[in-house]
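Participant: build the 3D model from these lines:
(one chain, ligands or ions: 1)
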Amino acid sequence: MNESLVLSALALAALAATLPMARRRMQLSLAKHPSLTGHARMAKRVAALVPGYGYDEARFFGSDGAPESVQAARRIGLDRLGAEFAARFANSLAATEAAREGISDLRFTSSYRVPFQYAAYLRDHLKIGAFVQSAEGVKLTDLDGNEFFDLTGSYGVNVFGVDFYKSCIDEGGHRVRALGPVLGSYHPCVVDNVRRLRRISGQDEVSFHMSGTEAVMQAVRLARYHTGRSHLVRFSGAYHGWWEDVQPGPGNPLPPRETYTLREMNPRTLRVLRTRRDIACVLVNPLQALHPNAAAPGDSALVDGSRRAGFDREAYTHWLHELRQVCTERGIALIFDEVFLGFRLAPGGAQEYFGVRADLVTYGKTVAGGLPIGMVCGGSHWMKRFREDRPADVCFARGTFNAHPYVMGAMQVFLERLDTEDVRRRYLNLDETWNLRVEQFNSRMTFEDLPVRAANLSSVWTIWYAVPSRYNWMLQYYLREQGLALSWIGTGRLIFSLNYSAADFDAVLERFVAAARRMAADGWWWHPQGQTDRAIRRGLLLEMLAHRF
Ligand SMILES: Cc1ncc(COP(=O)(O)O)c(C=O)c1O
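Facilitator: Below is the predicted model of the structure:
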């Protein structure tokens with residue numbers, strides 16, 4: 001063989017070796033969601049290019065080219081709200097003002113309630129309070145004695161109503177008081193908790209942590225340890241806490257290298273899982289069933305009217321079954337992250353609700369009866385942190401406050417109550433109840449000719465807007481005026497506790513209608529003839545480019 005033949009043969013061999021790699025790489029690219037939520041690195045690069053600027057008064061009211069008369073109505077509306085808030089919420093506002101510069105969280109959240117262009121003007125003209133003094137039933141009371149219907153659900157912790165949690169904490173504290181905050185050994189109530197949790201989760205073992213973020217970290221770490229593989233798969237838009245590896249896009253200064261963000265409910269993702277050898281686990285947050293592949297719908301991203309949501313239980317159940325099958329075939333750990341939804345859909349959580357058993361399940365939020373918690377439940381094979389045959393090869397995970405007696409006490413009360421007739425009854429016809437309420441909401445809004453709609457996954461709601469407007473985010477302020485409390489992400493996520501009676505719900509609906517009527521009357525939903533969401537986004541892009549260059 002002459003030299004050139006050898007070289008050609010080598011080149012061919014090299015090509016043959018790289019072809020499967022190239023094919024796998026291509027499969028991976030095809031399994032990404034086409035939006036920015038599917039391209040975390042690109043999203044991060046794009047986010048870094050977005051210029052910071054704020055609208056002056058003229059642009060604040062007229063960013064959509066509204067005529068003078070409409071702008072004037074908006075200005076009057078905002079001034080009225082501002083004056084009313086200043087008078088009605090004086091003490092809450094004073095406390096917020098005093099604390100704002102000193103609480104990093106507050107500085108952050110108060111800057112991201114609305115699209116950033118509007119934030120500075122709004123902060124000067126329409127202040128809202130971040131403090132409340134008491135809670136009872138389905139209501140919160142602020143420092144001025146104003147009552148609000150609580151639609152925040154305490155980030156999802158509040159499933160059964162605030163009084164339920166108050167008494168879990170009181171009774172739990174009473175049970176463990178003799179031991180107090182002694183750490184390192186267990187209070188006896190832990191035995192009972194573990195017994196109940198094993199039954200509820202259908203898993204062999206439990207580990208206690210201090211937050212949902214930590215529970216997810218530990219579940220992923222165990223999956224990597226037992227599979228010897230590097231990568232975790234998460235789905236576009238899904239939140240799993242703020243740990244680096246599960247938050248590869250904007251928000252995380254250091255992008256992780258061992259995370260694949262793939263498209264949920266898509267066969268191309270299954271192909272990737274079937275063919276790659278480096279995948280340790282797949283993380284599922286079942287809340288995404290309400291808006292697959294989209295990020296949590298915060299009002300700061302509400303720049304137009306394109307937000308949509310909708311839950312298809314059958315389709316999502318089918319998807320989870322498909323995932324289960326491929327994970328089993330490939331030895332990949334299927335992790336259900338039930339930190340948010342656990343115990344909200346069914347007493348046995350999303351596993352029970354969708355009829356799919358995961359390898360590892362994370363819980364948090366509600367399960368400690370109102371105290372801080374994160375938990376992993378899993379099969380003993382997955383949960384084991386050491387190997388007898390290689391004793392130095394351990395999967396280390398500890399935490400000073402894990403299994404804190406007070407947390408365990410409140411958890412015991414929570415879990416006991418979960419087994420009572422009274423609490424079991426609350427799960428009866430749960431979906432029917434909340435689906436009917438959404439129908440009632442939507443028909444009323446349609447009847448009133450108001451562009452506000454709701455979509456739900458049981459008692460978790462998203463408000464969307466049937467109007468291509470740049471000002472939909474204003475609704476959160478009109479809702480506050482009507483005594484409805486939302487969390488800082490605004491109308492994208494309403495969380496109802498299950499103790500909302502029909503009368504409570506009717507009252508909320510009436511207030512929604514009143515808020516939307518006022519917002520309409522103040523001109524915020526005016527829009528040019530033929531306006532589309534796409535045109536709004538194009539205009540915004542041009543505006544940003546102009547600010548950038
Ligand atoms: C699905 C999911 N996983 C993890 C977390 C993180 O939990 P924590 O805020 O307790 O760290 C959250 C919090 O909202 C969540 O919704």
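Participant: in the stretch 1-150 of the chain, what residue lies closest to the ligand?
Facilitator: Ranking the residues of the stretch 1-150 of the chain by distance to the ligand (Cβ to the nearest ligand atom) places Asp105 first, at 12.0 Å. (C-beta placed from N, C-alpha, C; glycine too.)
Participant: same thing with the chain?
Facilitator: Closest point on the chain to the ligand, by Cβ to the nearest ligand atom, is Gly212, at 2.3 Å.
Participant: count of neighbours near that residue?
Facilitator: 28 (other Cβ atoms under 10 Å).
Participant: also Glu322?
Facilitator: 16.
Participant: elements contacting the helix or strand harbouring it?
Facilitator: Assigned by DSSP states H and E, Glu322 belongs to helix 313-330. Judged by 3 or more Cβ pairs under 8 Å, 6 or more residues apart in numbering; DSSP states H and E, the packing partners of helix 313-330 are helix 267-275, strand 279-284, strand 333-337, helix 349-354.
Participant: most packed of the ones you listed?
Facilitator: strand 333-337 (a mean of 28; mean count of other Cβ atoms under 10 Å).
Participant: and that strand with helix 267-275, angle?
Facilitator: 140 degrees (axes from the mean of the first three to the mean of the last three Cα atoms, to 10 degrees).
Participant: now do the helices in the stretch 101-250 of the chain.
Facilitator: Secondary structure of the stretch 101-250 of the chain (DSSP state H, counting those that start in this stretch): helices at 104-111, 116-125, 162-176, 189-201, 212-227.
Participant: distance from the chain centre to the second one, please.
Facilitator: Meaning helix 116-125. The chain centroid and the centroid of helix 116-125 are separated by 25 Å, computed with Cα atoms, centre = their mean, to the nearest Å.
Participant: counting neighbours, which bits of that helix end up buried?
Facilitator: 116-123, 125 (16 or more other Cβ atoms under 10 Å).
Participant: same deal with the last one?
Facilitator: Within helix 212-227, the residues that count as buried by 16+ other Cβ under 10 Å are 212-227.
Participant: what's the mean pLDDT across the longest helix that the chain contains?
Facilitator: For the chain, the helix that runs over the most residues, judged by DSSP state H, is helix 3-30. For helix 3-30, the mean pLDDT works out to 82.
Participant: on contacts alone, who are the packing partners of it?
Facilitator: By 3+ Cβ pairs under 8 Å, 6+ apart, helix 3-30 packs against helix 267-275.
Participant: any idea of the angle the helix it packs on forms with helix 313-330?
Facilitator: 20 degrees.
Participant: show me what helix 267-275 is packed up against.
Facilitator: So helix 267-275, by 3+ Cβ pairs under 8 Å, 6+ apart, packs with helix 3-30, strand 231-235, strand 259-262, strand 279-284, helix 313-330.
Participant: apply 6 Å and report the result again.
Facilitator: The elements that helix 267-275 packs onto, with contact taken as 3 or more Cβ pairs under 6 Å, 6 or more residues apart in numbering; DSSP states H and E, are helix 3-30, helix 313-330.
Participant: mind checking how far that helix is from the chain centre?
Facilitator: Counting by Cα atoms, centre = their mean, helix 267-275 comes out at 25 Å from the chain centroid.
Participant: ok, Arg196 - how many residues close by?
Facilitator: Arg196 has 18 nearby residues by other Cβ under 10 Å.
Participant: correct me if wrong: it contacts Leu415.
Facilitator: Yes. Here Arg196 reaches Leu415: they are 4.4 Å apart, a contact under Cβ atoms under 6 Å.
Participant: what separation do you get for the closest residue to Gly161 other than its chain neighbours and Leu290?
Facilitator: Distances taken as Cβ to Cβ, 6 or more residues apart in numbering place Asn499 nearest to Gly161, at 3.4 Å, with adjacent residues excluded. Shown here: Asn499 relative to Leu290, a distance of 22 Å by Cβ to Cβ, to the nearest Å.
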